[in-house]
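Visitor: Compute the structure for the input listed below.
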Amino acid sequence: MSGESLLLKYLQSAEKVLTEIKLQDDVIVLDEDKIRGIIDQARRYMSDAKYYAERKQFETGLVSVAYCEGILDALRMLGMVKFTWPQSEEKP
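Guide: Sure, this is the predicted structure:
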């Protein structure tokens, strides 16, 4: 898979999650504003990834979308948000 197609795949996946993400009801460690600030940072990484994709700087774009996914996964692992990653339609 090329860097471009891999980046586009990850961009679509992360963008879907960012549109569907929901805060957990019983978060006690951080308040909602702080969690939303962290989600906004993930959105900024997504924006960076798209910027680099448009300029055909696919490796840099992959790094940016990977940061976005890392933030989202961390929030989910902490039980602060809920979402599922879209399943790949590719068969090995």
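Visitor: Would you map the strands across the protein?
Guide: All strands of the chain, identified by DSSP state E, fall at 22-23, 81-82.
Visitor: mean pLDDT for those: which is lowest?
Guide: For the strands of the chain, mean pLDDT drops lowest on strand 22-23, to a mean of 84.
Visitor: ok, back up a step: want to try CSV for the strands of the chain, with mean neighbour count as columns?
Guide: (Each C-beta comes from the backbone N, C-alpha and C, glycine too.) Putting the strands of the chain into CSV (neighbours: other Cβ atoms under 10 Å) gives the following:
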stretch, mean neighbour count
strand 22-23, 11
strand 81-82, 16
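Visitor: okay, and the helix or strand of the chain with the least pLDDT?
Guide: Lowest mean confidence among the helices and strands of the chain (mean pLDDT, DSSP states H and E): strand 22-23, at a mean of 84.
Visitor: can you list contacts of that one?
Guide: The contact list for strand 22-23 (Cβ atoms under 8 Å, 6 or more residues apart in numbering) reads 32, 35-36, 80-83.
Visitor: mind putting the strands of the chain in CSV, distance to Q41 included?
Guide: As requested, those are exported to CSV (distance: least, Cβ to Cβ, whole Å):
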stretch, distance to Q41
strand 22-23, 15
strand 81-82, 13
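Visitor: so which of these comes closest to R43?
Guide: strand 81-82 (13.1 Å; Cβ to Cβ).
Visitor: ok, back up a step: can you select the buried ones among the contacts of strand 22-23 for me in PyMOL?
Guide: In PyMOL, a selection of the buried entries from the contacts of strand 22-23 looks like this (16 or more other Cβ atoms under 10 Å):
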select buried, resi 35+80+81+83
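Visitor: if you look at the contacts of strand 22-23, which of them are in helices?
Guide: Per DSSP state H, helices hold the following members of those: 32, 35-36.
Visitor: So which bits of stretch 46-58 are buried?
Guide: Of the residues in stretch 46-58, 46, 48-50, 52-53, 57-58 count as buried by neighbour count, 16+ other Cβ under 10 Å.
Visitor: Oh, that last question was meant for stretch 14-29, not what I typed.
Guide: So stretch 14-29, judged by 16+ other Cβ under 10 Å, has buried residues 14-15, 17-18, 21, 27.
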